[in-house]
Every structure is written in C-alpha cells, then in structure tokens.
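# dropping the sequence and predicted coords here.
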Amino acid sequence: MAKDPICGMNVDETKALSGQKAGETFYFCSEHCRSKFLKDNKVQVPVKQDAKAPLAQGAVYTCPMHPEIRQDHPGDCPKCGMHLEPLNSTGENSEEEKQIHSLSLKFWIGLALTIPIVVLVLGEMIPAINIGRFIPHHLLPFIQLGLATPVVLWAGGMFFVKGWQSLINKSLNMFTLIALGVGAAYGYSIVAVLFPQIFPESLKKMGTIGLYFEAAAVITVLIILGQLLEAKARSQTGQAIKALLGLAAKNAHRIINGVEEEVPIDSINKGDLLRVRPGEKIPLDGIISEGHSSIDESMISGEPMPVEKNVGDRVIGATVNQTGSFVMKTEKVGAETLLSQIIHMVAEAQRSRAPIQKLADTISGYFVPVVILISIFTFTVWAIWGHDPKLAHAIVNAIAVLIIACPCALGLATPMSIMVGVGRGAQNGILIKNAEAIEKAEKVTHVLTDKTGTLTEGKPKVTACVPSQGWNEQKLIGIAASIEQSSEHPLARAIIDYAKEKDAKLESIQDFESVTGGGIKGKFNGQAIILGKQKFLEDQKIIFPEDLKKKAVELQTKAQTVVWVAVDQKVIGVLGISDPIKKTTAEAIEALHKMGIKVVMLTGDNQKTAEVIAKELNIDDVRAELEPRSKQEIVKQFKAQGANVLMAGDGINDAPALAQADVGVAMGTGTDVAIESAGITLVKGDLIGIVKALRLSRAVMGNIRQNLFFAFIYNVLGIPVAAGILYPFFGILLSPIIAGGAMSFSSVSVIGNSLRLKGTQL
C-alpha cells in the first residue's frame, strides 16, 4: 500500500491514480489530490494515468466510514459492510435509489411472510386460539420452515454475504454478529425440523423441539427496516447537494456583435457578454459591465435581504436578479464557478471523518470479538449451569447477545451527524472542507479577524481632503488618484471615485512601484510622488507639517484611515478615508462574547484608528499597523499561550495565517489560495457568518456525543440482560426478537437524532 503524498491516505496502487515527478511515481486517492500535487510541485506536463488505474475512467465509489476504500463499481465496504457511495456525488445517485428500492421490496415481502410465522407461533402458545383446529401440528414446523427460508436466505441473504466477507477480510463488524445470530437461530431450527431424533429428550416440550424460525425471520425483517431507514436518511443528507444543483440556470442570453441569442450554459465561454433580465437566474459568475440591479443571493449566502449591484460589482451564478436588467462579463465557467465549488466541498466534507470517529472505530475493532466471546461464554454458562432445557436456553441467550450487540448505531453516530451538519451549513453559506474543521471549531477560544471587509463594509470612502498651504483640494486629489490608478489596494478605488466626483484631472504615472504594507511611489511630469502611511513617508526622510500632523490625529480619533501624499519630498496634503462598520458586526461580537470567545482585530491600519473602532465594538484586543506576514506570527503567539485560534481572512497574504490557525475561515468569495488554506469558507464574508459556523460546530459535536451515548447505552445495558444476568433475580430473559428490535431502535435513534440538525437555528 502506498500513501497519497497530499492527504497521507493509504492507497491501493492497483486501483489508484498515478503521477510522476523527477522519475519518481506517486499514487493518489483522487483527482483532487493529484491536481493539487501537480500544482504545488509546478509540474506542467500533463501526467498520464496508469494503465492499471480504472478509477479515473468513471465513477469512483467509497465508504463513508472508511474513505480509503475505493473501487470503480458499486458494492459493499469490505471493512464494515456498508454500501459504497459515489466519490463525486452530484446529488442524483441512481445506485442509492436502487438500494432503497431493493431494501423496500425485501422488507415488505419479508414482513408479509413473517407475519404468518408469528401468528402460527402465537397460535401454539395461546390455547384459546387452538391453531391445531386448522392446521395439523406435525405440519406447522414445515410451514414455518417454508415461510422463514425466503425471509432469511433471500431478503436477509445480503447479511450472510457481508458476514462472510468480514471473516475473509479479517474485519469483524456488525454483519458478523447478525450473520452468526440469525444463522444460529435458523440453522438450529432447520436441524430440529429435519433431524429431531438427534436432540435429547430434555429439549423436547410436549414431544417437539422448540423452534426459532420466528426469531430469525423477525430479526431479519427488523434489521432490513433499520437498513432501509438508514439508506433513506443518507439520501436525505444529499438533499443539500440536490438543492444546490437545482439552483443552476439552464440557459443564458449571450450577446455577440450586438445580437442577443439564447444558448445553453455549457456553450458559454469566459469573456462572453450575457444579458440578465429581471426575475432570471444569473447564469454564471462574472462582473456587471452595464446596468444595475438588486440581486437575491439568499440561496448561496443564507441572507434574505437583496444586495444592490452596480457596474464593476461581482455577481454569482444561480442567484436571482430582481429589479433591473444588466449585462455581465463571464469570468468563471464549469467547475470554476462558486456553485460548483460549493457542491464539490459539500460532497467532500460529507464523506470526511472527524477525529472523534477514531474513538468509535477503535471501540468497534475490539467490540465485535469481545461480543463473540461473551456470546460463547453465555452459551457455555447456560449449557452447564442453566435451567432446563439448558441447551435451548443457551442457544437463545447466546443469539440474543449477538443480535443486541450489533454496533451499527456506533458506526452511524459520527457520519450521520457530519453529513446532515455539512448540508445544513451549505444552506446557510457555510462551506466546510472537512469534518476535522467542525470538531476543531467547537474548541475555539479566540477569533482573529481582519478589519476591512469583515468588521467593516469593505467599501471605503474619502471623507476628508486636507491640502497643505499652497495646494488646493482638486490638485491634491488629482495627483493622489493619478498614482492610485495603478494600485490594487482597497483604498485606491475610494480615492479614484472621489477624484471623479470632484472632476479632478488624472494623469499618467511613470515608474510606478508598490511597497507592500507601506504605500506607493511613482513619477509625474518628472516629479517624484509618494503616497501611503506616515511611517512609510518617514522612511523616505519626508518632514511633516505640524498642522497636518494634528489634523491627521484628529481624523484618526474619528476612525478614519489617514493617507499622506508627498511630491518631491514635501507633503502636499492628507486624505481621511473611512470604511463604515457593518450593521451586523456589533451583534456578532456580542454573540461571540456570550459564547466565551475573545475577539482580536488584526489590521494594517493606524493604531489610533484601530483602537477607536475596537472601543466602539467592544473588541478584546487590537494588533494594528501590521505587515501581512505578521498575522502568521500572531497566530503562533496565541497558540503558544494555549489558545485555540480561528483566523479569518480573504487574501493571498492571509493564506499562511489561515493554515497556521487551528481553524482557518476564508471570508466571502476570497482568493482561491485563501479558500484552499481554510477549513471553512463563508460565502458572505462577515462576522455573523463566523458566529453561525461556531454554532453549527457546537451543534454537530453535541449531536455526535448524543449519538455515541445512544449507541453505547443500548450495548452496555443490553448485553448483560441478553446474557441472562436478570434471570436469577427476576426471571427475565431477553428474546432474540426483542434484542433485534432494540438493536434496530438504537440505529433509528441515532438517525433520528442526526436529522434534528436540519432544523438547527444558526
């Protein structure tokens, strides 16, 4: 077995995707890992797939509880016996539907055949019914045999196949116990019917041997019912993906040379111009190039209020245009769109396993052999020291132990909660990369967040323009906007927009240079222009007029970011830029405090400005005037102090800090690097989204613990009762039928409890 170099998962080389680097061959569990490997290692030449690797040709099927199990066709997991699911889920799973149909058919036919068996048994047990009046007593065993055989061998045949596979693969599981329990009851009864003479007289009651066809049939039907309910529940967890797929537009109005035509989505390319009318779904991701509108983004972000969009604003495919008509330029198509990424992330996360699952796996690994030993011990004790008929009691109690101890609920406890929780998150704009992120998020003690775009609107505006003596406002803003034309900083757009409002003249700039975390430089008509923070200008040996320094301090006390402008080493003025705080920010910080979480603001802004905002919002700690690389160091510092850190960011510069944090949260439709580095992505990038993500993590982890309790409590209490520990004191024995019902009920309890997450209020 090789190891995937990206995720570290064990990979079967005969069934894996392969690739090479510098003559060395690597094996990958999925196309995602292989693509990431090629990208990270800058391998430009397309890697051919190994001839032995059928998995890349079509669908790949994997086990939800054992993701390392992968094959190119549907089937059962050789480790736990669960039905395999397609790796690249589209929400439309024909195999899943076939499984539900098959189980449903087996359940109803099995039930129809089992009811007469139970009636016959009750007829023998209750004298008032006197079943002998209708059917001769000597025929009753053969009728039961005829009715029970198709139930056990046809409807329940899959349990014997899975049980046998578990023995071959040396991976004992719940189907091992089911096959042993049902097989023992059915096999014993067949021998009793066909060869009654081999049994001692002590086992005969009224001249006949006790039969357990009804136990074998009822247990089989109950277990099939549990499997059917589980399959339907798993199908429901895929509704999140189905709902997302249903959002996508099917057609679009493409504009070519002024002519508009309706075309399928698949035929649209990057750069195509599309017209979107009121009431239509936005076809793909892009930017508005003409017109304006309000757009309902609730199906992606979970926020009910429409969002105003103008020229230059980004729009997301599958959201709904409301009031205006506009033309958009397509930026992303196919798998690149946000909707496609969401579907992929949801499918991946629903199959991932939380670290807490290791507890259930470890227990299950020891549990089945221990149960078999307990069953053997129970049989031995009853056969030697039990009440007459000893052998009958020994068989019945040993079977009851095997049946009630089936660890199916234990196996379902974590995956079911994860699947439902991830789907619930997707419906609220919370995209979870893997289950580990959910578990870690529950333990978060500190939230570290940027200011711009997270705490604030991210749409800064120039609110003050103060020129130096000898300069006027229009000339100052004209020079500032001219050099900002080449900048990609969020404040640049605010300065340019302000210049346009003032009808300032913008000139071309030569020798433009951007200094990360400081400012920008350039030349205009032979004059050297410098724009940026005070410290940046101080490093250039520029002297500041005292009156402007006082004005700058005044602006900072009003939570405005100060930008200095200098020409030929002389300050010509200062700009005050403010970014309104989001309406939801104060509410979100209060909610985080109620959860016992401290909030830390990280910003490259001035210390005074940052402190004003922090005081207004009741933020616990402020780190200002930071360079991008400082964020990662701050995350390390907090972790070294024992904090569990959630870091929120949206840019390439945030990627190292996101990866360093216990939980990285990519805000909004940030850069692909940020999203790749984060464990959670929020479609709508604000602090309230973090609150929802943390609430979801706590709800999911609480649900998992409840499920584990349900699974353990049935086994802990049920096994001793099934073994007969209460018989000496109260004369109580647990029938295999009741044991089968209790086992199924434990699975139903776990499934029902997991589905409650669909209604969790975030």
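Now that the structure is in, tell me what you want to look at. All values derive from a computational prediction rather than experimental measurement.

# mind checking how far residue 761 is from residue 702?
Distance of residue 761 to residue 702, given as Cβ to Cβ, to the nearest Å: 14 Å. All C-beta atoms are positioned from the backbone trio N, CA, C, and that covers glycine.

# these two: which is more packed in?
Between residue 761 and residue 702, counted using other Cβ atoms under 10 Å, the more crowded position is residue 702 (14 against 6).

# show me what the residue nearest to residue 680 when sequence neighbours are not counted bridges to in the sheet.
Computed as Cβ to Cβ, 6 or more residues apart in numbering, the closest residue to residue 680 that is not its neighbour in sequence is residue 665, at 4.8 Å. Taking DSSP bridges as the rule, residue 665 bridges to residue 648, residue 680.

# list the contacts for residue 665?
646-649, 658, 678-682, 689-690, 693 (Cβ atoms under 8 Å, 6 or more residues apart in numbering).

# go again with 10 Å.
With contact taken as Cβ atoms under 10 Å, 6 or more residues apart in numbering, residue 665 is in contact with 430, 437, 441, 444, 447-449, 454, 646-650, 654, 658, 674, 678-682, 685, 689-690, 693-694.

# those in strands, which ones?
Counting by DSSP state E, those place 430, 447-449, 646-649, 680-682 in strands.

# sort those residues by pLDDT and name the bottom one.
Here the lowest pLDDT out of those sits on residue 649, with 76.

# that one - how many residues pack around it?
30.

# hmm, back to that, if I look at the residue nearest to residue 680, how far off is residue 692?
From residue 665 to residue 692 the distance is 11 Å (Cβ to Cβ).

# isn't residue 660 up against residue 635?
Yes: Residue 660 is within contact range of residue 635, at 4.5 Å (criterion: Cβ atoms under 10 Å).

# overlap in contacts, those two.
Common neighbours of residue 660 and residue 635 (Cβ under 10 Å, 6+ apart) are 645, 647.

# those two: which is more packed in?
residue 635 (26 against 19).

# what's the helix or strand for that one?
Under the criterion of DSSP states H and E, residue 635 resides in helix 630-640.

# go ahead and confirm residue 153 touches residue 147.
No: Residue 153 is beyond contact range of residue 147, at 11.9 Å (criterion: Cβ under 10 Å).

# which one's more surrounded, the two?
residue 147 (20 against 12).

# against residue 224, how distant is that one?
16 Å.

# what about the strands in the stretch 651-762 of the chain?
With DSSP state E, counting those that start in this stretch, the ranges of strands along the stretch 651-762 of the chain come out as 663-667, 680-682.

# the stretch 301-450 of the chain too?
For the stretch 301-450 of the chain, the strands defined by DSSP E, counting those that start in this stretch cover 307-309, 314-315, 320-321, 326-332, 430-432, 446-450.

# from the contacts of residue 665, list the buried ones, please.
Buried members of these, scored by 16 or more other Cβ atoms under 10 Å, are 430, 437, 441, 444, 447-449, 454, 646-650, 654, 658, 674, 678-682, 685, 689-690, 693-694.

# how far does the helix holding residue 635 sit from the chain's center?
For helix 630-640, the separation from the chain centroid amounts to 26 Å (computed by Cα atoms, centre = their mean, to the nearest Å).

# tell me the buried residues in it?
For helix 630-640, using 16+ other Cβ under 10 Å, the buried residues are 631-632, 634-635, 638.

# closest one of these to residue 269?
residue 631 (37.4 Å; Cβ to Cβ).

# which ones are touching the closest one?
By Cβ under 10 Å, 6+ apart, the neighbours of residue 631 are 448, 450, 602-604, 623, 647, 649, 653-658, 660-661.

# pLDDT at it, what is it?
83.

# who's in contact with the residue nearest to residue 661 when sequence neighbours are not counted?
In space, and not counting its chain neighbours, residue 661 is closest to residue 647: 3.5 Å by Cβ to Cβ, 6+ apart. By Cβ under 10 Å, 6+ apart, the residues touching residue 647 are 446-450, 600, 602, 631-632, 634-635, 638, 654, 656-666, 677-678.

# what's the pLDDT at residue 362?
pLDDT, residue 362: 73.

# what is the neighbour count of it?
Residue 362: 10 neighbours (other Cβ under 10 Å).

# start the count at 666, not 1, going forward
Shifting the count to begin at 666 puts that one at residue 1027.

# count the residues that sit near residue 833.
If you count neighbours by other Cβ under 10 Å, residue 833 ends up with 9.

# low-confidence ranges in the stretch 1166-1315 of the chain?
Where the stretch 1166-1315 of the chain drops to pLDDT under 70, the residues are 1293-1294, 1315.

# can we see that at 80?
Along the stretch 1166-1315 of the chain, the model assigns pLDDT under 80 to residues 1181-1182, 1224, 1269-1271, 1274, 1291-1294, 1314-1315.

# what of the stretch 716-865 of the chain?
Where the stretch 716-865 of the chain drops to pLDDT under 80, the residues are 716-762, 786-803, 834-843, 845-846, 849-850, 853, 861-865.

# and the helices in the stretch 1316-1427 of the chain?
Counting by DSSP state H, counting those that start in this stretch, the stretch 1316-1427 of the chain has helices at residues 1320-1325, 1337-1342, 1352-1388, 1392-1395, 1401-1420.

# out of these, flag the one nearest residue 1140.
Nearest of those (Cβ to Cβ): helix 1337-1342, 38.7 Å.

# could I get the average pLDDT for that closest one?
In this model, helix 1337-1342 has an average pLDDT of 54.

# please report how far residue 744 lies from residue 830.
9 Å.

# now do residue 858
From residue 858 across to residue 830, the span is 29 Å (Cβ to Cβ).

# show me which of the two is the more surrounded one.
Neighbours were counted for residue 858 and for residue 830 using other Cβ under 10 Å; residue 830 has more, 20 against 17.
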